[in-house]
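>>> Structure of the sequence below:
(2 chains)
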2 protein chains.
Amino acid sequence: MAPPYKLTYFPVKALGEPIRFLLSYGKLEFEDFRFERENWPELKPKTPFGQAPVLEFNGVQAYQSIAICRYLAKQVKLMGANDLEDLEIDSIVDTINDLRMKIALYSYEADEAVKATRKKPLFEETIPYYMERIEAIAKKNNGHLAAGKVTWADLYFIGILDYMNYMVGHNLIADCPNLQVMQKTVLNLPGIKEWVAKRPITDM
Amino acid sequence: MAPPYKLTYFPVKALGEPIRFLLSYGKLEFEDFRFERENWPELKPKTPFGQAPVLEFNGVQAYQSIAICRYLAKQVKLMGANDLEDLEIDSIVDTINDLRMKIALYSYEADEAVKATRKKPLFEETIPYYMERIEAIAKKNNGHLAAGKVTWADLYFIGILDYMNYMVGHNLIADCPNLQVMQKTVLNLPGIKEWVAKRPITDM
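Numbers count the residues shown, from 1 in each chain, chains lettered A, B, ... in the order given. This next block holds a predicted model:
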């Protein structure tokens, strides 16, 4: 029988990895379908808004990676304990996504001259500004991003961190001891530890 | 006694309006604190990540507009009936936000030459692509964005629509009869109807 979940994404970690972390943590069997870039033009029109990842299960074709993660977090019990904790989680997740997009705006810029003008503000202002505040949140939450405990926000950030690091060319949490503790915690969670040991090795 | 909620935002609808819609719908009293642009440098460092809107209540300083909307939707009963309906809501809300950011990338571009190169792909490809699909979703859901009923996704989209229309210079839903029905429904909801009648008149 086919696994109940099918994740369709490029052959990278990036936006797919937080979803793979959540599925793995919950021991939810999934087909990890990785398509090659040359096949994307054929697959793209079959997605709801021309984007990947897409998670299929039970006749549902789910899109938008953060929405998928939140849905899975409910299934695998990694939500907050109440509405206020979920607000904390949602706010920090969207903030990490903001940082990811600011980095992508630099990293994916094809015009080298434009890219050069974006480098200094990104590396000297934006990244330090965000990382300092995210680290302070992790300190306040005992090595977590919200609610003082493991939630899907932690899995989301650690899942997407390799991709953000790849885009900037250095380890964003090199000077963040509390986020390093979080990384260790997440990578040692049951299910995730096994996933990380067996997943395909990719740059980003 | 001060109202239980205080919304701090620029003197515009934009990202603040979906929050004001949700507060108004729920008849939750709020202070609608609108600061002038010249006071932003003083206020900015007092926000969690240098961004507005911020919603304060009960000692909580909430940030990230979509996260705030989801939290309020829980308080005023505009969520889906189950995890799958909430997934539908979350996916379309993040998709509208994607479109909003693509529009902003054009609209806020200071370099007129760069802005000009972005105009055609945005107006001839991106906007028709998104609006066609969002309209199809509204058709399938009887004039709503998810779950076949009024949810916070409807309030989010109609709340932010004036701002998106302002940025593009035309009415995005001019050719979308189902989204027009949705707009009428939302603007006639108890609480929202009264809010819209009394709110300050602003361009965006």
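
>>> Is chain B within reach of stretch A:134-148?
No - using Cβ under 8 Å from any Cβ of the partner chain, stretch A:134-148 stays clear of chain B, coming no nearer than 8.7 Å. All C-beta spots, glycine's among them, are computed from the backbone N, C-alpha and C.

>>> chain center to that stretch, what's the gap?
17 Å (Cα atoms, centre = their mean, to the nearest Å).

>>> Any buried residues in it, and which?
By neighbour count on 16 or more other Cβ atoms under 10 Å in any protein chain shown, the buried set for stretch A:134-148 is A:134-135, A:137-138, A:141, A:143-147.

>>> These into CSV, with extra columns for pLDDT and distance to A:Gln183?
Converted to CSV, those look like this (pLDDT from 0 to 100; distance: Cβ to Cβ, whole Å):
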residue, pLDDT, distance to A:Gln183
A:Ile134, 98, 12
A:Glu135, 98, 12
A:Ile137, 98, 15
A:Ala138, 98, 10
A:Asn141, 98, 14
A:Gly143, 98, 9
A:His144, 98, 11
A:Leu145, 98, 11
A:Ala146, 98, 16
A:Ala147, 98, 18
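
>>> Take these and keep only those in strands.
Within the buried residues of stretch A:134-148, no residue falls in strands by DSSP state E.

>>> list the contacts for A:Tyr166?
A:203-204 (Cβ atoms under 8 Å, 6 or more residues apart in numbering or on different chains).

>>> Run through the neighbouring helices and strands of the lowest-mean-pLDDT helix or strand in chain A.
Lowest by mean pLDDT, DSSP states H and E among the helices and strands of chain A is helix A:112-120, with a mean of 94. Helix A:112-120 is packed against helix A:83-107, with contacts defined by 3 or more Cβ pairs under 8 Å, 6 or more residues apart in numbering or on different chains; DSSP states H and E.

>>> how close does A:Tyr163 sit to A:Phe21?
To A:Phe21, A:Tyr163 is 13 Å away according to Cβ to Cβ, to the nearest Å.

>>> Which of the two has more residues huddled nearby?
A:Phe21 (30 against 22; other Cβ atoms under 10 Å in any protein chain shown).

>>> Sticking with that one, tell me its helix or strand.
In this structure, A:Phe21 sits in helix A:17-25 according to DSSP states H and E.

>>> what about the residue lying farthest from the centre of chain A, distance to chain B?
The centre of chain A is farthest from one residue, A:Ala113, which by Cα atoms, centre = their mean lies 29.3 Å away. Remark: distance between A:Ala113 and chain B (Cβ to the nearest Cβ, to the nearest Å) = 11 Å.

>>> what's the answer for A:Ile192, then?
A:Ile192 sits at a distance of 22 Å from chain B (criterion: Cβ to the nearest Cβ).

>>> Tell me if I'm right that A:Thr202 and A:Lys13 touch.
Yes - contact criterion Cβ atoms under 8 Å: A:Thr202 and A:Lys13 qualify, at 5.9 Å.

>>> Comparing those two, which shows the higher neighbour count?
Legend: neighbour count by other Cβ under 10 Å for A:Thr202 and A:Lys13, higher for A:Lys13 (23 against 15).

>>> Next up, the contacts around the more buried one.
The neighbourhood of A:Lys13, defined by Cβ under 8 Å, 6+ apart, consists of A:20, A:159-160, A:162-163, A:199, A:202, A:204.

>>> ok, now with 6 Å
A:162-163, A:202 (Cβ atoms under 6 Å, 6 or more residues apart in numbering or on different chains).

>>> Now the least confident helix or strand of chain A: buried residues?
Buried residues in helix A:112-120, counted by 16+ other Cβ under 10 Å: A:Arg118.

>>> contact partners of it?
Here helix A:112-120 makes contact (Cβ under 6 Å, 6+ apart) with A:106, A:109.

>>> let's see it at 10 Å
Identification of contacts with helix A:112-120 by Cβ atoms under 10 Å, 6 or more residues apart in numbering or on different chains yields A:102-103, A:105-109, A:111, A:122, A:126, A:168, B:111, B:114.

>>> Spatially central residue for chain A, please.
Closest to where the C-alpha atoms of chain A average out (Cα atoms, centre = their mean) is A:Ile160, at 3.2 Å.

>>> quick one: contacts for it?
A:Ile160 neighbours (Cβ under 10 Å, 6+ apart): A:13-18, A:21, A:65, A:69, A:93, A:96-97, A:99-100.

>>> Mind putting the buried residues of stretch A:134-148 into a markdown table with distance to A:Glu36?
Shown next, in a markdown table, are those (distance: Cβ to Cβ, whole Å):
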| residue | distance to A:Glu36 |
| --- | --- |
| A:Ile134 | 34 |
| A:Glu135 | 37 |
| A:Ile137 | 38 |
| A:Ala138 | 37 |
| A:Asn141 | 40 |
| A:Gly143 | 38 |
| A:His144 | 37 |
| A:Leu145 | 34 |
| A:Ala146 | 36 |
| A:Ala147 | 39 |
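
>>> Which of those residues fall in helices?
Counting by DSSP state H, the buried residues of stretch A:134-148 place A:134-135, A:137-138 in helices.

>>> Tell me the one of those nearest B:Gly59?
Nearest to B:Gly59 out of those is A:Ile137 (Cβ to Cβ; 16.8 Å).

>>> A:Lys77 should be in a strand, yeah?
No - the assignment for A:Lys77, made by DSSP: H, G, I helix; E, B strand; the rest coil, is coil rather than a strand.
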